[in-house]
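# Build me a model:
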Amino acid sequence: MPLRDHFRSPLDDVHSWDELHGMWPAMIVRALAEILPEPYFAAPGVHLGVYEVRVYDSRRKRRLVAAIEIVSPSNKDRPENRGTFQSKIAALLEHGICVSIVDVVSTSDFNLYAELLNFVESGDPALGEHPTPIYAATARMRQEGHRRLMDNWYHPLAIGQALPTLPVWLTPTVAI
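Alright, predicted model coming up:
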C-alpha cells in the first residue's frame, strides 16, 4: 500500500491524523503476532500523542526488547518536544533495546532520526546532507569487545511509495 499524506487535503478534510494513525499500533501488533517467535509478544501503546508498539520477552518477566515509535506532529512541533523524543529513544538504545522510528509527519521539516544521531554522537551515511522529513529507521546498540557500536537502517520515505520493511532485533543475533 502506498504512503499517503494524511496531513493535507483531501485526506485531512475527512479524518484527522489521530483518527487514522491511532490504529497503527494495533495493526502492527497484529502483524507481529504472526511472526514473533515464542516467548516474544507485542503490545500497542497510545497515550498523550505517543503511538508505539513494544516487544517483550515473556521469559524474562516481560523484559522490553524492542520499540516501534510512530512520530506524531507533537513530537516535532517544538524544540523541547524534539529533545524529549531524542532523550527517550537514546535511553532505550542505551539499555540495549532496538528502536524503530516511523515518521510520516509531512508538515514539519525536522528529521528526528538525524537529530537523535547528533544527540548520541553517532552517524549514518544513508542520511546524506539534507535528510528528508519523512522516513523510517531502525537503530540498535551492540557491544563488540570493548567497543559500543550502533547499527542503523535508514529509509527516506516519499508520498506514493510503499513503506519499507525494517528489522526488529529481539536479541543480539535474532531479528524479525
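# Per-residue pLDDT of the residue nearest to residue 11 when sequence neighbours are not counted, please?
Closest residue to residue 11 in three dimensions, ignoring its sequence neighbours and counting by C-beta to C-beta, 6 or more residues apart in numbering: residue 4, at 5.9 Å. (Each C-beta comes from the backbone N, C-alpha and C, glycine too.) The per-residue pLDDT reported for residue 4 equals 78.
# again with residue 45
Looking at residue 45, its pLDDT stands at 87.
# Now it: closest residue in space that isn't a chain neighbour?
On the basis of C-beta to C-beta, 6+ apart, the spatially nearest residue to residue 45 that is not a chain neighbour turns out to be residue 52, at 4.6 Å.
# so which strand or helix has that neighbour?
Mapping residue 52 onto the secondary structure by DSSP states H and E places it in strand 50-57.
# Report the buried residues of that strand.
Neighbour counts using 16 or more other C-beta atoms under 10 Å place 50-57 of strand 50-57 among the buried residues.
# Would you check the residues you listed and say which has the weakest pLDDT?
Least confident by pLDDT among the buried residues of strand 50-57: that is residue 50, with 81.
# what sits against that residue?
69, 72, 75 (C-beta atoms under 8 Å, 6 or more residues apart in numbering).
# So which of the residues you listed belong to helices?
Judged by DSSP state H, these include residue 75 as members of helices.
# want to try JSON lines for the contacts of residue 50, with distance to residue 110 as columns?
What follows is those, written out as JSON lines (distance: C-beta to C-beta, whole Å):
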{"residue": "69", "distance to residue 110": "15"}
{"residue": "72", "distance to residue 110": "13"}
{"residue": "75", "distance to residue 110": "9"}
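# Just the buried subset of the contacts of residue 50, please.
Applying 16+ other C-beta under 10 Å to these, the neighbour count classes 69, 72, 75 as buried.
# of the residues you listed, closest to residue 176?
Checking the buried ones among the contacts of residue 50 against residue 176 by C-beta to C-beta gives residue 69 as the nearest, at 17.1 Å.
# dump the residue contacts of that closest one.
In this structure, residue 69 makes contact with 50-52, 85, 89, 99-102, judged by C-beta under 8 Å, 6+ apart.
# so residue 102 is in which element?
Taking DSSP H and E as the criterion, residue 102 maps to strand 98-103.
# Which residues does whichever helix or strand comes after that strand contact?
In the C-terminal direction, the helix or strand that comes right after strand 98-103 (DSSP H and E) is helix 112-119. Applying C-beta under 8 Å, 6+ apart, the set of residues contacting helix 112-119 from outside is 71, 75-76, 82, 85-87, 89-90, 101, 103, 123-124, 127, 131, 135, 137, 139, 152, 154.
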